[in-house]
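Sequence and computational prediction follow.
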Amino acid sequence: MAEVTAKMVKELRETTGAGMMDCKKALVECEGDLEKAAEFLKEKGLGKVAKKADRVAAEGLAGLKIDDKKGVALEINSETDFVAKNEAFQDLVKKTVEYVYDNEPSNVEAVMASEFGEYFNTTVAKIGEKIELRRFAIVKADANQALNGYIHSNNRIAVIVKAECDSDKTAEAIKPFLKNIAMHASAMKPKTLSYTDFDMDYVESETKGRIEVIKKENEELARLGKPLKNVPEYVSRLQLTDEVIAKAEAKIKEELLAEGKPEKILDKIIPGKIARYILDNTTLDQEQCLLDQQYVMDDKMTVAQAIEAEAKKLGGEAKIVEFVRVEVGEGIEKKEEDFAAEVASQMG
């Protein structure tokens with residue numbers, strides 16, 4: 001009998017789309033013959049997925065499970081929204097969430113290589129459409145940390161938020177507020193936690209284009225006779241060095257004195273002007289960084305300031321240290337379907 005190698009399993013999986021365990025069993029059954037093994041899988045209904053391998057699975061559902069110290073968020077994709085409404089598909093999402101929560105696999109490949117992966121592929125074959133476990137995240141909380149999350153009513157967006165607190169008491173009390181932050185993240189689509197996560201090259205590449213957008217907006221505002229936006233020099237706090245802030249402060253002071261403001265009251269005016277300068281020059285952070293976004297339930301504060309204020313009301317301290325946001329289909333390019341061409345190709 002021919003030895004079944006990992007390379008053979010990988011090759012069969014790539015050609016059929018079946019799970020690793022199914023591929024291994026098929027190769028053993030067919031004594032290492034790849035062609036026979038592929039036919040074997042097809043007969044078992046496990047090769048169905050491969051027929052649709054060129055199609056794009058961009059619909060589907062998100063899943064979420066959270067308890068006091070652990071949370072799981074995941075995305076399972078289907079080709080059509082119709083299948084996402086299928087009870088069998090919804091049950092598959094629930095079971096996958098439970099499996100990931102209970103077993104804490106290292107990655108998607110580990111899930112699909114397990115016995116659960118065999119169940120997953122068998123279920124997919126019965127449903128008869130390309131379905132994929134695209135990604136999942138497991139978030140754990142230690143002592144003095146709190147977790148909470150939110151899944152949107154359409155079950156297409158799942159969010160987990162984790163906070164570091166000064167005590168277990170604060171951690172317990174802050175949980176309801178973390179759900180509000182998770183709802184904020186669901187709506188505002190942050191890509192990262194803080195501007196400190198950015199690479200300077202990325203920030204520089206974003207700067208010119210974003211400033212040009214504001215200039216174009218001002219052209220339209222001017223045409224409509226509306227107040228213009230301040231045109232920034234920068235787009236991220238990463239660019240606002242001590243030297244840049246000092247230079248901005250000196251310029252503000254000079255302008256205030258030129259307006260005839262008494263020097264003795266400048267220290268009351270300048271902090272507000274600097275805050276405005278920072279706001280105008282951090283549009284990238286406000287768009288993409290959770291902590292730096294204006295909190296939707298009180299836009300006078302950033303999310304970072306909002307949780308700090310909430311913790312203070314509770315008699316403690318808290319800061320958000322991690323979040324996960326999963327949105328179905330995010331980043332997947334949908335293929336434009338030409339139905340007439342598809343029918344013609346099948347008839348040809």
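Perfect, I can see it now. The model shown is predicted, which means the values in this text are computed figures rather than measured ones.

Now do the domain split for this structure, please.
Domain segmentation of the chain under automatic domain parsing yields 6-51, 55-140, 195-288.

just how off-centre is the second one within its chain?
Computed by CA atoms, centre = their mean, to the nearest Å, the chain-centroid distance of domain 55-140 equals 16 Å.

can you check the first one too?
Offset of domain 6-51 from its chain centre (CA atoms, centre = their mean): 33 Å.

For Asp201, the count of nearby residues, please.
Neighbour count of Asp201, defined by other CB atoms under 10 Å: 8. In this view, the C-beta of every residue, glycine as well, is placed from N, C-alpha and C.

Please read the previous query as pertaining to Ala84.
Neighbours of Ala84 under the rule other CB under 10 Å: 22.

Tell me how far it lies from Arg156.
Counting by CB to CB, to the nearest Å, the separation of Ala84 from Arg156 is 9 Å.

Can you show me the helices along the stretch 51-200 of the chain?
Read by DSSP state H, counting those that start in this stretch, the stretch 51-200 of the chain holds these helices, from start to end of the chain: 81-84, 87-103, 108-112, 115-127, 168-188, 200-223.

my read: Phe323 touches Ala158, true?
No: with the criterion set as CB atoms under 8 Å, Phe323 and Ala158 do not qualify as a contacting pair; they are 11.3 Å apart.

before we move on, back to that, using CSV, lay out the helices of the stretch 51-200 of the chain together with mean pLDDT.
Formatted as CSV, the entries for the helices of the stretch 51-200 of the chain read as follows, by pLDDT from 0 to 100:
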stretch, mean pLDDT
helix 81-84, 88
helix 87-103, 97
helix 108-112, 96
helix 115-127, 93
helix 168-188, 97
helix 200-223, 94
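
Figure out which of the ones you listed is closest to Gly272.
Gly272 lies closest to helix 200-223 among the helices of the stretch 51-200 of the chain, at 21.2 Å (CB to CB).

Could you list the low-confidence segments of the stretch 201-348 of the chain?
Counting by pLDDT under 70, the low-confidence segments of the stretch 201-348 of the chain come to 333-348.

which residues of it fall in helices?
Assigned helices in the stretch 201-348 of the chain, in chain order: 242-258, 266-280, 283-288, 303-313, 339-347 (criterion: DSSP H, counting those that start in this stretch).

Can you tell me which of these is most buried?
Counting by mean count of other CB atoms under 10 Å, helix 283-288 has the highest mean neighbour count of these, with a mean of 21.

what residues does that one touch?
For helix 283-288, the external contacting residues (CB atoms under 8 Å, 6 or more residues apart in numbering) are 190-192, 194-195, 198, 203, 206, 210, 214, 232, 235-237, 279, 292-294.
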